[in-house]
Structure formats: structure tokens, C-alpha cells
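Asks: the following block contains a protein sequence and its predicted model.
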Amino acid sequence: MRNLAVLTFVTLDGVMQAPGDPDEDRSGGFKQGGWVRGYWDDFLGRVMSEQMKGSFDLLLGRKTYDLFEGYWPHAGDAPGAKQFNSARKYVVSRKTKRLEWANSELVSGDIVSKIRNLKKREGPEIQVHGSGNLIQTLLKHDLIDEFRLKIFPITLAKGKRLFAQGTIPSGFQLVESKASPKGVLVATYRRTGAIRTGSFAGFADNFLVEA
């Protein structure tokens with residue numbers, strides 16, 4: 001089974017909308033686009049290079065695909081261009097769409113079954129970038145194996161959230177964490193199974209320390 005990883009920039013209050021540019025996604029009247037810029041540094045550049053090294057396939061929602069298609073084929077030697085342009089792209093869309101970017105394939109119809117089948121195929125890791133609406137479908141059907149989050153020390157109050165209507169109760173294990181000089185927390189969480197619940201009754205003394 002192939003690993004499916006979501007690589008996402010997210011704020012402290014869970015917003016993932018339009019991190020890279022003011023005009024990236026203004027839907028819903030969003031006015032805070034481009035919030036990553038003030039925190040970007042060489043540290044985060046190295047993190048992204050490390051997380052995208054080697055071969056991988058891309059699974060993208062239509063809007064993110066359109067955004068990437070308009071940039072990466074013309075990005076020359078920019079960091080990430082070679083990896084994105086050479087990757088196999090699976091584009092989730094409920095409408096027939098002509099795909100101009102090399103190595104692109106439309107995923108439509110029974111999207112959940114087709115993504116499950118993609119995970120069962122031989123091949124490299126599958127990465128999801130952006131694609132907020134698609135992520136909700138993946139969450140709802142428990143198809144995400146790993147989150148590679150870059151958590152920025154800001155709140156935006158409004159905007160599309162990473163854990164929105166598709167979220168189900170799930171347990172995760174923190175497998176790696178580090179912080180950038182500007183306070184961005186880089187954390188990788190791997191899906192482990194159901195959440196564990198219990199009661200603190202009988203354990204209260206463990207939280208009391210005599211002065």
C-alpha cells in the first residue's frame with residue numbers, strides 16, 4: 001500500500017487558504033492571502049526540499065492543479081520545479097477537463113474507490129499539496145496516512161480550514177518535529193488508528209504538587 005501524505009501550510013487556528021499569494025484564492029471574501037511570505041526562510045526551504053526529494057506522484061484538486069499548471073511548467077530551475085514537472089499528476093475533478101501539464105491524468109466518477117486503487121498500485125509515495133476540498137474527502141474516508149504540517153504562528157479567524165467538514169475522530173503519532181528560527185513548527189503526524197479515551201478519576205493526585 002502506497003503512503004499518501006498531505007503537505008500543508010496551516011495557521012494556529014487551522015486556516016490553510018491561499019498561503020502563497022494574495023490572489024491565490026479569494027473565495028469567501030478571503031483577504032489575507034500570502035501569509036507565508038513573512039515567515040519564509042532558508043530553514044523552510046530546506047524542509048520542503050527534504051520532504052520532496054526522490055520520486056512521488058501528485059494527487060491534486062482541480063483548483064490547485066490549475067494554479068500549479070500555470071506556474072511550474074514555466075518555473076525553469078526554481079526549487080521544486082523538476083520534481084513537480086516530472087511527477088505523475090492525478091487530478092480530481094467531477095467535470096471533464098483538458099489537462100495540458102505533462103504526465104497528468106483525470107480522476108473522476110467514483111473518486112474514493114479510484115484513490116483507494118491508486119494507493120494499492122505499485123509506485124512511489126502520493127503527495128497532496130493545497131487541494132483543501134479534496135483533503136476533506138480524503139479525511140472523511142480515512143485515506144490519509146501522514147500529515148507534514150508547517151504550522152505558522154498566526155491566526156486569521158476566517159478562511160478554509162484543514163480540518164473542516166471531512167474530519168473524523170482519528171489518532172496520530174508525532175514522528176518528527178522541529179521549529180524554524182521564525183517560529184514555524186514543522187511537524188509530521190502519522191495515522192495510528194482510533195482515538196483512546198479514558199477518565200482522570202483516581203489520577204488527580206498526579207497533577208497536584210505541594211508548594
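Replies: Perfect, thanks for sending it. All values reported here derive from a predicted model rather than from experimental measurement.
Asks: show me the contacts for K182.
Replies: For K182, the contact set (C-beta atoms under 8 Å, 6 or more residues apart in numbering) comprises Y39, D41, F43, P153. In this view, the C-beta of every residue, glycine as well, is placed from N, C-alpha and C.
Asks: name the nearest of these relative to S170.
Replies: Using C-beta to C-beta, P153 comes nearest to S170 of the contacts of K182, at 24.8 Å.
Asks: returning to that earlier point: ok, the contacts of K182 vs R94, which is closest?
Replies: Checking the contacts of K182 against R94 by C-beta to C-beta gives Y39 as the nearest, at 34.7 Å.
Asks: tell me where the model's unsure across the protein.
Replies: 202-211 (pLDDT under 70).
Asks: need the contacts of K182 in CSV (columns: neighbour count, distance to F84 and secondary structure).
Replies: As requested, the contacts of K182 are arranged in CSV below (neighbours: other C-beta atoms under 10 Å; distance: C-beta to C-beta, whole Å; DSSP: H, G, I helix; E, B strand; the rest coil):
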residue, neighbour count, distance to F84, secondary structure
Y39, 19, 22, helix
D41, 11, 21, coil
F43, 15, 21, helix
P153, 13, 27, coil
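Asks: measure I115 to A194 for me?
Replies: According to C-beta to C-beta, to the nearest Å, I115 and A194 sit 22 Å apart.
Asks: between the two, which has more neighbouring residues?
Replies: More crowded of I115 and A194, by other C-beta atoms under 10 Å: I115, with 21 against 8.
Asks: which element is the more buried one on?
Replies: I115 is part of helix 111-120, with elements assigned from DSSP states H and E.
Asks: list the contacts of that helix.
Replies: Helix 111-120 has contacts (C-beta under 8 Å, 6+ apart) with 1-2, 4, 57, 59, 90, 92, 94, 107, 126, 137-138, 141, 143.
Asks: now flag whichever of those is closest to D25.
Replies: V92 (16.7 Å).
Asks: quick revisit: check which residues of the helix or strand following the helix holding I115 are buried.
Replies: Once the chain leaves helix 111-120, the next helix or strand it forms, by DSSP H and E, is strand 125-129. Of the residues in strand 125-129, I126, Q127, V128, H129 count as buried by neighbour count, 16 or more other C-beta atoms under 10 Å.
Asks: who are the packing partners of strand 125-129?
Replies: Packing partners of strand 125-129 (3 or more C-beta pairs under 8 Å, 6 or more residues apart in numbering; DSSP states H and E): strand 4-11, strand 56-61, helix 132-140.
Asks: swap in 6 Å and give it another go.
Replies: If you count contacts as 3 or more C-beta pairs under 6 Å, 6 or more residues apart in numbering; DSSP states H and E, strand 125-129 packs onto strand 4-11, strand 56-61.
Asks: quick one, the last one and strand 4-11 angle?
Replies: Between strand 56-61 and strand 4-11, the angle formed by their directions is 60 degrees, by axes from the mean of the first three to the mean of the last three C-alpha atoms, to 10 degrees.
Asks: hey, where'd the helices end up in the chain?
Replies: All helices of the chain, identified by DSSP state H, fall at 42-51, 62-69, 81-86, 111-120, 132-140.
Asks: out of these, nearest to G28?
Replies: Each of the helices of the chain has some distance to G28 by C-beta to C-beta; the shortest is helix 132-140, at 11.2 Å.
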